[in-house]
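Participant: What shape does this take:
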Amino acid sequence: MDVFDAITSWRSVRRFTAKPVSDDFIKRILEAGRWAQSGLNNQPWRFSVIKEKKLKDAVAANTKYGFVVKEAPACIAVFLNTQDMYDRTKDVQAVGACIQNMLRAAHDLGLGAVWLGEILTHRVQVEKMLGVPEYCELMALIAVGWPAENPPKAERKDLSELVL
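Facilitator: Residues are numbered from 1 along each chain as shown. As a prediction, the model looks like this:
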């Protein structure tokens, strides 16, 4: 898929079929995240893949978008490794670039995905639930699966409104 097409044709998908996502596809999505840019090449991201229904249900209880988490065949929790940080702002931005790469890779594979950030209101509970080290700070949860919907193209502001 052309990069510009991948950027402009991607949509947040919140409804999924029950078809499982292969471990190979999950690995490709993680690889795309791994190749994001980061300051000093510190690669401050860490991942936790969640496929087990009981754990997904427990995580889902920590967000008003729990229906998305429950329905998705897989979720990927993305963390900031605070031990590897050198500048919080730059490192959080790097994790955002990592997440963007992962979303576009899922799209390229024909999968649907959505970046869930509201779950951060219960970040500490989710981190404990997932058993991650204390230095891993939850940045987002990505729900991934085969799309059961085809969301319409989102409107964007005209470029003239954005360029200062």
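
Participant: which is the next helix or strand following the biggest strand by length in the chain?
Facilitator: For the chain, the longest strand by residue count, based on DSSP state E, is strand 136-145. Proceeding N to C from strand 136-145, the next assigned helix or strand is helix 159-162, under DSSP states H and E.

Participant: Sketch out the helices for the protein, chain order is fine.
Facilitator: With DSSP state H applied, the chain shows helices at 3-9, 23-34, 53-60, 66-71, 88-108, 123-130, 159-162, listed in chain order.

Participant: Determine which stretch of those is the most buried.
Facilitator: For the helices of the chain, the largest average neighbour count (mean count of other Cβ atoms under 10 Å) is found in helix 88-108, namely a mean of 19. From N, CA and C alone the C-beta is placed, and that goes for glycine too.

Participant: Contact partners for the residue minimising distance to the centre of the chain?
Facilitator: With the centre of the chain defined as its mean C-alpha position, the nearest residue by Cα atoms, centre = their mean is Ile142, 3.1 Å away. Ile142 is in contact with 75-78, 99, 102-103, 106, 113-116, counting by Cβ atoms under 8 Å, 6 or more residues apart in numbering.

Participant: Looking at those, which is nearest Arg123?
Facilitator: Arg123 has its nearest neighbour among the contacts of Ile142 in Ala77, at 10.1 Å by Cβ to Cβ.

Participant: Now do the contacts for the closest one.
Facilitator: Under the criterion of Cβ under 8 Å, 6+ apart, the contact list for Ala77 reads 47-50, 59, 126, 130, 132, 138, 140-142.
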